[in-house]
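K.L.:
Show me the folded form of this:
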Amino acid sequence: MTVDANDLIYAYDASRDYDPAPHLEKVKARVLAINSADDERNPPELGIMDREIKRVKNGHFYLVPASAQTRGHGTTGNAKFWKHLLPALLNEAFIPDQ
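P.N.:
Coordinates of the predicted model:
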């Protein structure tokens with residue numbers, strides 16, 4: 001696969017100033033946030049996801065452990081690392097809020 005350098009720069013720049021933080025308490029959907037322990041773009045060592053997911057009423061966070069099979073930021077695109085969590089998330093989606 002080849003990627004045009006300008007397209008890649010555009011994609012990074014488009015998300016550079018994105019900040020969902022001011023509105024996290026407004027999220028009503030059930031959220032499963034997934035990150036990889038070896039993510040070079042969103043390093044879990046910063047603690048951002050651990051801190052911010054608490055502000056999402058129905059939010060859960062899963063950190064994929066780093067291994068020889070993980071590939072940094074691209075790991076979350078491979079469902080084999082998190083598909084075991086999907087049934088519970090889908091079941092929760094059909095339970096009315098209390």
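K.L.:
Quick check: residue 86 vs residue 74, distance?
P.N.:
19 Å (CB to CB, to the nearest Å). The way it works is simple: take the backbone N, C-alpha and C, and place the C-beta from them, glycine included.
K.L.:
no wait, residue 62
P.N.:
16 Å.
K.L.:
Then residue 11?
P.N.:
14 Å.
K.L.:
Okay, and residue 29 sits in which element?
P.N.:
Residue 29 belongs to no helix or strand when elements are defined using DSSP states H and E.
K.L.:
Excluding chain neighbours, what is closest to it?
P.N.:
residue 58 (6.9 Å; CB to CB, 6 or more residues apart in numbering).
K.L.:
Could you tell me how many residues sit around that neighbour?
P.N.:
If you count neighbours by other CB atoms under 10 Å, residue 58 ends up with 15.
K.L.:
That one touches residue 33, doesn't it?
P.N.:
No. The criterion here is CB atoms under 8 Å, and residue 58 misses it with residue 33 at 11.2 Å.
K.L.:
Compare neighbour counts for residue 62 and residue 74 and give me the winner.
P.N.:
residue 62 (17 against 12).
K.L.:
Tell me if I am right that the more buried one is in a strand.
P.N.:
Yes. Using DSSP: H, G, I helix; E, B strand; the rest coil, the assignment for residue 62 is a strand.
K.L.:
List phi and psi for the residue lying closest to it once chain neighbours are set aside.
P.N.:
Computed as CB to CB, 6+ apart, the closest residue to residue 62 that is not its neighbour in sequence is residue 34, at 5.1 Å. Backbone torsions of residue 34, given as degrees, to the nearest 10, read phi -120, psi 140.
K.L.:
so how far is the biggest helix by length in the chain off the chain centroid?
P.N.:
If you go by DSSP state H, the chain has its longest helix at helix 5-15. Computed by CA atoms, centre = their mean, to the nearest Å, the chain-centroid distance of helix 5-15 equals 19 Å.
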